[in-house]
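[1] coords below, sequence missing:
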C-alpha cells in the first residue's frame with residue numbers, strides 16, 4: 001500500500017490473510033499460486049482475483065507436474081479465474097488451445113525466438 005502498486009503476487013507458501021483488513025485501491029489486483037486443493041482454498045480466503053495453478057506440464061526444472069486431467073479437476077473446484085503455468089512450450093501450446101484454457105503464463109515460452117510462432 002505504501003508503494004502505491006497496482007497489484008501483488010502471493011506465493012503458495014504464504015497463508016497470511018492479514019492483508020484482507022487493509023483498504024485497497026479500486027483496481028488493485030491480487031494474484032496467487034496453488035498446487036493443490038488446500039492451497040486453492042487458502043487463495044480464495046486471501047481474495048485473489050487470479051490463481052496460478054502449476055506446474056501443468058513436465059519441465060526439466062521440476063520433476064513433479066499436475067498434468068492435464070488433474071489441472072482441470074483443480075480448475076473446476078474454484079470460481080476464481082485460473083491461469084495455467086509451468087512447462088508450457090511450443091510443443092504443448094496446442095493442447096492448451098484444445099482444453100479451452102484462455103489464460104497462460106510462462107517465462108521460456110515468451111522469449112523473442114518463440115514469439116514469431118505464437
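    Perfect, thanks for sending it. A quick note: this is a predicted structure, and the numbers were derived from the prediction, not measured.

[2] Help me confirm that residue 70 is found in a strand?
    No - Residue 70 is assigned helix when assessed by DSSP: H, G, I helix; E, B strand; the rest coil, not a strand.

[3] I'd like to know how many residues surround it.
    A total of 13 residues lie near residue 70 under the criterion other Cβ atoms under 10 Å. From N, CA and C alone the C-beta is placed, and that goes for glycine too.

[4] list the contacts for the closest residue to residue 92 other than its chain neighbours?
    In space, and not counting its chain neighbours, residue 92 is closest to residue 57: 5.4 Å by Cβ to Cβ, 6 or more residues apart in numbering. Residues counted as contacts of residue 57 (Cβ atoms under 8 Å, 6 or more residues apart in numbering) are 65, 67, 86, 87, 88, 89, 92.

[5] ok, now with 7 Å
    Contacts for residue 57 (Cβ atoms under 7 Å, 6 or more residues apart in numbering) come out as 65, 86, 87, 88, 92.

[6] Show me where this structure has its helices.
    37-45, 68-76, 93-98, 112-115 (DSSP state H).

[7] does residue 32 really touch residue 42, like I thought?
    No - in this structure, residue 32 is not within contact of residue 42 by Cβ atoms under 7 Å, at 8.1 Å.

[8] Find the residue at the geometric middle of this protein.
    When Cα atoms, centre = their mean is applied to the chain, the residue found nearest the centroid is residue 52 (1.1 Å).
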